[in-house]
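Novice: here are the coordinates; sequence isn't available:
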């Protein structure tokens, strides 16, 4: 059983990622052919399940990370085409900027940071459930 405050935290985070997913679809969605088994953007009730992008995060205890505990952000593209490294970096930078804009709105009063770590982004800082 999960704590209600943890569920609320992750629902707020999911709403942010759903908005980022929609924005990436608008900006980049026509740049690649969609994987043949993937529904078109907006075809399902969950942006994770359709369109070119699936943006989300998983909690990490932070072992081995210089930032400690946080959420590791994953940006997936559902295509069979090659994604150039430069575009992956551009997408990561765009997602970082959107997170930095949206996190304070969804979590007012919390000190949350978004930093690059290897090929991913990590959300870290005040992750308390108070």
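Specialist: All right, it came through fine. Note that this is a predicted model, so its numbers are computed, not measured.
Novice: Do a quick rundown of the strands in the chain.
Specialist: For the chain, the strands defined by DSSP state E cover 53-60, 70-77, 112-117, 120-125.
Novice: buried set for the second one?
Specialist: Applying a neighbour-count criterion of 16 or more other Cβ atoms under 10 Å, one finds 70, 71, 72, 73, 75, 77 buried in strand 70-77. The C-beta positions use only the backbone N, C-alpha and C, and glycine is treated the same way.
Novice: Same question for the last one.
Specialist: Along strand 120-125, these residues count as buried under the neighbour rule (16+ other Cβ under 10 Å): 121, 122, 123, 124, 125.
Novice: Run through the bridge partners of the third one.
Specialist: It refers to residue 123. Counting by DSSP bridges, residue 123 forms beta bridges with residue 71, residue 114.
Novice: Show residues contacting the lengthiest helix in the chain.
Specialist: The helix that spans the most residues within the chain, counting by DSSP state H, is helix 4-28. For helix 4-28, the surrounding residues in contact (Cβ atoms under 8 Å, 6 or more residues apart in numbering) are 41, 46-48, 51-57, 71, 91, 94-95, 98-99, 102-103, 106-107, 123, 127, 129.
Novice: how many degrees apart are it and strand 53-60 in direction?
Specialist: Helix 4-28 runs at 150 degrees relative to strand 53-60, counting by axes from the mean of the first three to the mean of the last three Cα atoms, to 10 degrees.
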